[in-house]
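*Asks:* Compute the structure for the input listed below.
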Amino acid sequence: MADTFTFELVSPEKLLFSKPVAMVTVPGGEGEYGVLSGHAPMITTITPGVIQIYEEENAGPVERIFVAGGFAEVSQTRFTVLAGEAVPVSDLNRAALQEQAKAIAGKIDSANEHDLAALKTQQDVIAAKIQAAA
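*Replies:* Now for the predicted structure:
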């Protein structure tokens, strides 16, 4: 078994995941990146997308969790993600998300400048959820 490190995923509501893992892949601003034991320390932002958690090297992910964005801190023995929203991919309902996307698109057409940025952010998150649910 590969070296492990502690991965923690925290949302505003609760600690969603905390245990030793072999690898985690995360959506970042410059693309998806992977974290392994001994990774160089860093702090970075996370973009909307899917975090994949691997408990063993050369095995498939044991968890796939959609995050709407957030921050990540990596040390040589710990990786912590603070997510604004986190939902297991298996809980995403594609049809419901498509309805939400239509509703937001309708609001964008008539939105004032103040509301437009927030609506576009919601639209981006829903689009990422739809892609994750595919």
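*Asks:* by contact count, what packs against the helix or strand containing Gln100?
*Replies:* In the assignment (DSSP states H and E), Gln100 maps to helix 94-109. Using 3 or more C-beta pairs under 8 Å, 6 or more residues apart in numbering; DSSP states H and E as the contact test, the elements touching helix 94-109 are helix 113-133. In short, each C-beta sits where N, CA and C put it, glycine included.
*Asks:* how many degrees apart are the helix it packs on and helix 94-109 in direction?
*Replies:* 160 degrees (axes from the mean of the first three to the mean of the last three C-alpha atoms, to 10 degrees).
*Asks:* how about helix 113-133: buried residues?
*Replies:* By neighbour count on 16 or more other C-beta atoms under 10 Å, the buried set for helix 113-133 is Gln122, Gln123, Val125, Ile126, Ala128, Lys129, Ile130, Ala132, Ala133.
*Asks:* still on that earlier bit, now the helix holding Gln100: average pLDDT?
*Replies:* In this model, helix 94-109 has a mean pLDDT of 90.
*Asks:* Repeat that for stretch 14-33.
*Replies:* Taken as a whole, stretch 14-33 carries a mean pLDDT of 93.
*Asks:* Need phi/psi at the residue nearest in space to the middle of the chain.
*Replies:* The chain has Val67 as the residue nearest its centroid, 2.6 Å off, counting by C-alpha atoms, centre = their mean. Phi and psi for Val67, reported as degrees, to the nearest 10, are phi -120, psi 140.
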